[in-house]
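**Student:** no sequence for this one, just the structure:
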């Protein structure tokens, strides 16, 4: 019963994260004037790179996104939405970065939860959650030759880690994963919201003299 | 008997695809004035990234290109050919893109066939064939900091998917894989030929107003 | 007894390589003005991409760097050192490239040794050692949008291959891995030292006429 709940929850989170990251990939593809198939490829890459990397690293092969057609379907759906309703989707200022923030939240908590289910220790589960979250955006940006958002944007990897940390901390306390993933996801999104809207940021190192 | 045929066919297709992609990688390396070892590295990367990714995703580790020295040998041979006969190889206009088109055809059908052999469902086998085809060119282009051909070129991923789709469609009809991979490979190459020579292309989305 | 020695040796080499590559990643992050978390991410990526790739390719999942918190700890330590003592670390001319050279030596011999332990044949073990060595620097450079050092720098992949070759050649001669990894590592570093300090290099191909 509990295991089934976790399984359903993981699938919903994974597909939700895939959908919004796929939207962000498709929007980036439209901005770079790719054709409709290029839009689909970038939607799939952005939506699934994080989850595929996670599954390969924990030994869950073939990865869910390869073994199961739903992930491809969701990515293609996102691609079509952006292709046909592009003016609507991109009316939102900085559309890529908002969809990206939501996807980050979904994947960070889903990645941490799945890593726990596969028996990783809490610290590594939190880091794997972070990695799951940042993977999709990294591949999307490398493919269109931009510096990855994870390096460029404020509180990006930290937000993912914070969300994942909530999930792994709640686990030994027997909090329902429904609640822990909700709180973790909201925390992750809130940190990115603050960074985008209010410029929250972390300190940078003193630049080297003459650098 | 039949299984042995498929095994031989897969090996021939895989090595053929490795060879032509390795040529494309070596030509790109020469164009960027890399030294002879850089040529070898880029030849190996372009020739084997697609197959290695496919093998990792279906759980066939160590991947054929790592477990078996032939793939390295074929990549090095391609590197030497380009290094010593470069004026011959590059006399062909847009040499990279023609070798790339042939490699795409080989890998798309080989990837789909190998995925079927490993029990993936037809839809995912076709997509894995596409992924195998586009992987090598993607890594080659990212490494020399060009926008990957899969995003830039017309009918690229679609050609790979079409070739792979022929293979997976023929499978339940008990068509010999010899014939289905030949037809699929030719279809893939023909689509890329039309795109390069005659400018066939897919529609792009309406660019956002003021974008 | 002997197996335990090899295990300890591998762990020391792996962590040593992780540490110096993580330093190189953190220095590159500071140069690109990333915030403290971006420094940590690039330190982890540079320090662990090579080892994670190797472990995935030989089927040792979850990879050591994911299953075991020490690798993360070492990467974070390197990130903090660079963040707080940056003027000291970067006073060294071309700091990235020297730390990179040491990391290359550590990982090339560790990768070859670990591949031998997992039963790969000597040729592929040497190549996997090379791949382990060049992986971290490649990801670091792709993420900050520079042409990867492996393609740009003289005697880079060759140095890694030479170091790894010493390890695999010594293996059937029953030389202690302590000695073979030491000699291999020194050879690798010496080749890079000569390339950086004295401009040792390999031939490049004749550029194509009118290219």
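**Tutor:** Yes, it's here. Since the structure is predicted, the reported quantities are computational estimates derived from the model, not experimental observations.
**Student:** other SSEs contacting the lengthiest helix in chain A?
**Tutor:** In chain A, with assignment by DSSP state H, the single longest helix is helix A:2-31. Applying 3 or more C-beta pairs under 8 Å, 6 or more residues apart in numbering or on different chains; DSSP states H and E, we find helix A:2-31 packed against helix A:36-57, helix A:69-84, helix A:86-91, helix A:95-117, helix A:122-143, helix A:177-198. Bear in mind the C-beta positions are built from the backbone N, C-alpha and C, glycine included.
**Student:** could you dump those helices to CSV with mean pLDDT?
**Tutor:** Shown next, in CSV, are the helices and strands packed on helix A:2-31 (pLDDT from 0 to 100):
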stretch, mean pLDDT
helix A:36-57, 90
helix A:69-84, 92
helix A:86-91, 66
helix A:95-117, 89
helix A:122-143, 89
helix A:177-198, 92
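**Student:** Please produce CSV containing those, extended by distance to residue C:21 and mean neighbour count.
**Tutor:** Converted to CSV, the helices and strands packed on helix A:2-31 look like this (distance: least, C-beta to C-beta, whole Å; neighbours: other C-beta atoms under 10 Å in any protein chain shown):
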stretch, distance to residue C:21, mean neighbour count
helix A:36-57, 19, 27
helix A:69-84, 33, 20
helix A:86-91, 39, 16
helix A:95-117, 24, 27
helix A:122-143, 17, 26
helix A:177-198, 28, 19
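**Student:** Please tabulate these in TSV, including the columns distance to residue C:115.
**Tutor:** As requested, those are arranged in TSV below (distance: least, C-beta to C-beta, whole Å):
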stretch	distance to residue C:115
helix A:36-57	19
helix A:69-84	33
helix A:86-91	47
helix A:95-117	26
helix A:122-143	24
helix A:177-198	38
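**Student:** Out of those, flag the one nearest residue B:114.
**Tutor:** helix A:36-57 (17.3 Å; C-beta to C-beta).
**Student:** The closest one vs helix B:36-57, what angle?
**Tutor:** With axes from the mean of the first three to the mean of the last three C-alpha atoms, to 10 degrees applied, the angle from helix A:36-57 to helix B:36-57 works out at 80 degrees.
**Student:** Quick one: check helix A:36-57 for contact with chain B.
**Tutor:** Yes: residues of helix A:36-57 contacting chain B under C-beta under 8 Å from any C-beta of the partner chain: A:36-42, A:52, A:56.
**Student:** Against which helices or strands is the one helix or strand residue A:164 maps to packed?
**Tutor:** Taking DSSP states H and E as the criterion, residue A:164 maps to helix A:156-170. Contact here means 3+ C-beta pairs under 8 Å, 6+ apart; on that basis helix A:156-170 packs against helix A:95-117, helix A:122-143, helix A:149-152, helix A:177-198, helix C:36-57.
**Student:** Mind putting those into CSV with distance to residue A:78?
**Tutor:** Shown next, in CSV, are the helices and strands packed on helix A:156-170 (distance: least, C-beta to C-beta, whole Å):
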stretch, distance to residue A:78
helix A:95-117, 9
helix A:122-143, 12
helix A:149-152, 18
helix A:177-198, 19
helix C:36-57, 26
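**Student:** For residue B:136, which of those helices is the nearest?
**Tutor:** helix A:122-143 (14.6 Å).
**Student:** That closest one relative to helix B:122-143, how many degrees between them?
**Tutor:** 70 degrees.
**Student:** Distance from helix A:122-143 to the middle of the chain?
**Tutor:** In terms of C-alpha atoms, centre = their mean, to the nearest Å, the centre of helix A:122-143 is found 7 Å from the chain centre.
**Student:** now stretch A:155-174
**Tutor:** Put simply, stretch A:155-174 sits 14 Å off its chain's centre (C-alpha atoms, centre = their mean).
**Student:** Give the buried residues for it.
**Tutor:** A:155-168, A:170-171 (16 or more other C-beta atoms under 10 Å in any protein chain shown).
**Student:** Tell me, how many residues neighbour residue A:9?
**Tutor:** Counted with other C-beta atoms under 10 Å in any protein chain shown, the neighbours of residue A:9 add up to 18.
**Student:** just checking, it touches residue A:177?
**Tutor:** Yes: between residue A:9 and residue A:177 there is a contact under C-beta atoms under 8 Å: 5.8 Å.
**Student:** Show me whatever sits in contact with both of those two.
**Tutor:** Both residue A:9 and residue A:177 are in contact with residue A:113, where contact means C-beta atoms under 8 Å, 6 or more residues apart in numbering or on different chains.
**Student:** Residue A:178 reaches residue A:5, doesn't it?
**Tutor:** Yes: between residue A:178 and residue A:5 there is a contact at 7.4 Å, judged by C-beta under 8 Å.
**Student:** overlap in contacts of those two?
**Tutor:** With C-beta under 8 Å, 6+ apart, residue A:178 and residue A:5 have no common neighbours.
**Student:** and chain A, which of its residues are near chain C?
**Tutor:** So chain A meets chain C at A:56-59, A:120-121, A:123-124, A:127-128, A:134, A:138, A:142, A:145, A:147-148, A:150-151, A:154-158, A:201-209, A:211 (C-beta under 8 Å from any C-beta).
**Student:** now with 7 Å?
**Tutor:** Within reach of chain C by C-beta under 7 Å from any C-beta of the partner chain, chain A has these residues: A:56-59, A:120, A:123-124, A:127-128, A:142, A:147-148, A:150-151, A:154, A:157-158, A:201-208, A:211.
**Student:** Quick check: phi and psi on residue A:63?
**Tutor:** Backbone torsions for residue A:63, taken as degrees, to the nearest 10, come to phi -60, psi 150.
**Student:** residues touching the closest residue to it other than its chain neighbours, list them.
**Tutor:** Nearest non-adjacent residue to residue A:63, counting by C-beta to C-beta, 6 or more residues apart in numbering or on different chains: residue A:55, 3.5 Å away. For residue A:55, the contacting residues are A:61, A:63-64, by C-beta atoms under 7 Å, 6 or more residues apart in numbering or on different chains.
**Student:** In TSV, list these along with pLDDT and neighbour count.
**Tutor:** Supplementary listing: the contacts of residue A:55 in TSV, determined by pLDDT from 0 to 100; neighbours: other C-beta atoms under 10 Å in any protein chain shown:
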residue	pLDDT	neighbour count
A:61	79	21
A:63	90	22
A:64	88	21
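**Student:** which one among those residues gets closest to residue C:109?
**Tutor:** Ranked by distance to residue C:109 (C-beta to C-beta), the contacts of residue A:55 are led by residue A:61 at 28.8 Å.
**Student:** Can you classify that closest one by secondary structure?
**Tutor:** coil (DSSP: H, G, I helix; E, B strand; the rest coil).
**Student:** Can you verify my assumption that residue A:66 contacts residue B:125?
**Tutor:** No: with contact defined as C-beta atoms under 7 Å, residue A:66 does not reach residue B:125; the gap is 9.9 Å.
**Student:** Any idea how many residues pack against the residue lying closest to residue A:124 once chain neighbours are set aside?
**Tutor:** The spatially closest residue to residue A:124, leaving aside those adjacent along the chain, is residue C:66, at 5.9 Å (C-beta to C-beta, 6+ apart). When neighbours are counted by other C-beta under 10 Å, residue C:66 registers 26.
**Student:** which residues does residue C:66 contact?
**Tutor:** Neighbours of residue C:66 in contact, by C-beta under 7 Å, 6+ apart: A:57, A:124, A:128, C:52.
**Student:** Pull the most distant pair out of the residues you listed.
**Tutor:** Longest span within those, C-beta to C-beta: A:124 and C:52, 12.4 Å.
**Student:** Quickly check: stretch A:74-83 near chain B or not.
**Tutor:** Yes: for a cut-off given as C-beta under 7 Å from any C-beta, stretch A:74-83 has contacts with chain B, namely residue A:83.
**Student:** Need the residues that contact that stretch.
**Tutor:** With contacts defined as C-beta under 7 Å, 6+ apart, stretch A:74-83 is touched by A:15, A:18-19, A:22-23, A:26-27, A:30, A:36, A:39-40, A:43-44, A:47-48, A:89, B:205.
**Student:** Check the offset of that stretch from the chain's centre.
**Tutor:** Put simply, stretch A:74-83 sits 17 Å off its chain's centre (C-alpha atoms, centre = their mean).
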